[in-house]
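> after the sequence you'll find the predicted model.
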Amino acid sequence: MSDSNLPLPPPPKGRGAVSNQDSTRFNMPAREWDGDWLDARDSIDGQEQKLRTEVTAEFPKSIINFNISPDLPFDRSINAYRGCEHGCIYCYARPTHAYHDLSPGLDFETKLFAKPNAAELLRQTFAKPTYQPASLAIGTNTDPYQPIEKRFRITRQILEVMLETLHPVGITTKSDRVLEDLDLLTQLAAHQLTAVALSITSLDGKIARLLEPRAPSPAKRLRAVQLLHRAGIYVHVNIAPVIPAITDHEIEALVAAAAKHGAQSVSIIPVRLPHEVAPLFEAWLETHFPDRKDKVMHTIAAMRGGKRNDPNFHSRMRGSGPWAELLWTRLNIASRKAGLRKPRFGLRTDLFRRPIIQGSQLELF
C-alpha cells in the first residue's frame with residue numbers, strides 16, 4: 001500500500017490540523033504523512049505524548065506591514081507573533097509558515113515565533129519625521145492574544161506605545177485575554193483611539209473546540225464583548241468564517257447574542273481556503289464530519305467561482321453566487337432586527353504625538 005492510500009492518523013489531542021501538510025511552493029522538502037506528527041501518538045509509560053508548543057524569539061528590523069488592499073479598512077498592521085496556538089483549522093494565515101520551511105499544518109500551531117522588540121521598533125517608526133498616523137490593525141494575521149501572550153506580553157507593550165503616542169489602533173482577536181489590557185484600552189477609548197473586534201464562529205462549544213481547539217469558549221468571548229462595551233470601548237463581532245453545513249445555520253443566533261452582549265456592529269466572512277489550507281481543511285472534514293464533507297466543499301466551490309478559493313479583491317471577502325448572497329441577506333435582516341448598524345469605527349488621528357527616542361536631538365528640548 002502506498003503512503004497516499006494509508007488512512008489519516010488520529011488527530012493530536014488539543015490541536016486543529018490532523019497532521020503536517022506537505023508544501024513545495026517554496027522548495028520545502030515534502031513531508032511524509034507519518035513523519036512529523038509521529039511523536040504526538042507515541043506512548044511513554046502508557047501515556048499519550050502531547051505535541052508541545054515551541055516558541056522562538058526573532059528580532060526583525062521593521063515591524064509595520066503596509067498594504068493597498070481595497071478589501072481592508074486599514075493600510076497598516078502589526079503581527080507580534082508568527083504562527084498561532086489557537087489552531088483554527090480554517091486560518092488563512094497558515095500558508096505563511098511555508099515561507100520559513102515549516103508546515104502550514106501542525107507546525108503552524110506548535111512552532112511559533114515571538115517578536116520581543118516589536119514595541120521598540122514601533123516607537124522608532126513613530127518617531128520618524130516622515131511617519132503619518134493612520135489606524136493601525138493588530139491581529140489581522142495571527143491572534144495577538146493567543147496563549148503565549150500571557151508569557152511575552154508583546155501586545156500589551158505595543159498598546160503602551162499607542163497610548164504614549166495617542167495613535168489609533170484596532171484589535172482583532174478571538175480571545176477574552178484582551179480583557180487583561182482593559183486598563184490601556186479604556187484610556188485609548190476615552191480619546192476615541194481604539195476599537196476591538198471579537199471573532200466568534202459558533203455558539204456551540206463542541207463545534208468551537210473542533211474548529212478552534214485552543215481558543216477560549218464562545219461564552220468567554222461573549223462575556224469579553226459585554227465587558228468591553230461596559231468599559232466604553234467600541235466592540236464589533238466578526239462571524240468569521242461562516243462554514244456551510246457546519247456553522248451557517250447560526251448566523252441569526254450569533255447576531256442576536258452579539259447584540260445582547262453589547263456589540264455595536266457585526267460582520268461575516270464566508271470561509272476561504274487558500275493554498276495549503278484547502279487540503280488541511282478537507283482532512284479535518286474527513287476526520288470530524290465525513291458525512292458532510294462533499295456538501296461543505298461543493299457549497300464552498302459554489303461561493304468561490306467553482307474553486308476552493310477565490311483570491312480576487314472584493315469577492316474574496318464576500319464570496320459570490322446565490323449561496324453568498326443568501327448569507328449576506330440573512331446577516332442584514334438579523335442585524336436590523338437586533339438594532340445593529342454598519343461598522344463605523346471612526347478612530348481619531350489628530351491627537352498623534354511623536355515619541356522622543358533616548359539619545360535623539362529632540363531630548364535636548
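That came through fine. Owing to the predicted nature of the structure, the values given are computational and were not obtained by experimental measurement.

> for Arg52, which non-adjacent residue is closest in space?
Nearest residue to Arg52 in three dimensions, chain neighbours excluded: Thr110, at 7.1 Å (C-beta to C-beta, 6 or more residues apart in numbering). (Each C-beta comes from the backbone N, C-alpha and C, glycine too.)

> tell me how far that neighbour lies from Asp101.
15 Å (C-beta to C-beta, to the nearest Å).

> who has more neighbours out of the two?
Thr110 (24 against 12; other C-beta atoms under 10 Å).

> tell me the pLDDT of that one.
pLDDT for Thr110: 94.

> check the gap between it and Arg348 for me.
In terms of C-beta to C-beta, Thr110 sits 40 Å off from Arg348.

> Leu198 too?
Per C-beta to C-beta, Leu198 is found 22 Å from Arg348.

> those two - which one has more neighbours?
The neighbour count for Leu198 versus Arg348, taken as other C-beta under 10 Å, is higher for Leu198 (25 against 14).

> how about the nearest residue to Phe313 once chain neighbours are set aside, secondary structure?
Of all residues not flanking Phe313 in the chain, Pro70 sits nearest, at 5.3 Å (C-beta to C-beta, 6+ apart). The three-state assignment at Pro70 reads coil, by DSSP: H, G, I helix; E, B strand; the rest coil.

> quick one: mean pLDDT for stretch 300-310?
93.

> equivalent analysis for stretch 251-258, please.
pLDDT averaged over stretch 251-258 gives 98.

> got the CA positions of that stretch in PDB?
Output of stretch 251-258 as PDB, limited to C-alpha atoms (Å, rounded to 0.1, in the frame of the first residue of the first chain):
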ATOM      1  CA  ILE A 251     -25.900  33.400  11.800                       C
ATOM      2  CA  GLU A 252     -29.200  34.700  13.300                       C
ATOM      3  CA  ALA A 253     -28.400  33.400  16.800                       C
ATOM      4  CA  LEU A 254     -24.900  34.800  16.700                       C
ATOM      5  CA  VAL A 255     -26.100  38.300  15.700                       C
ATOM      6  CA  ALA A 256     -28.700  38.200  18.400                       C
ATOM      7  CA  ALA A 257     -26.100  37.100  21.000                       C
ATOM      8  CA  ALA A 258     -23.700  39.700  19.900                       C
END
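
> all set now, cheers.
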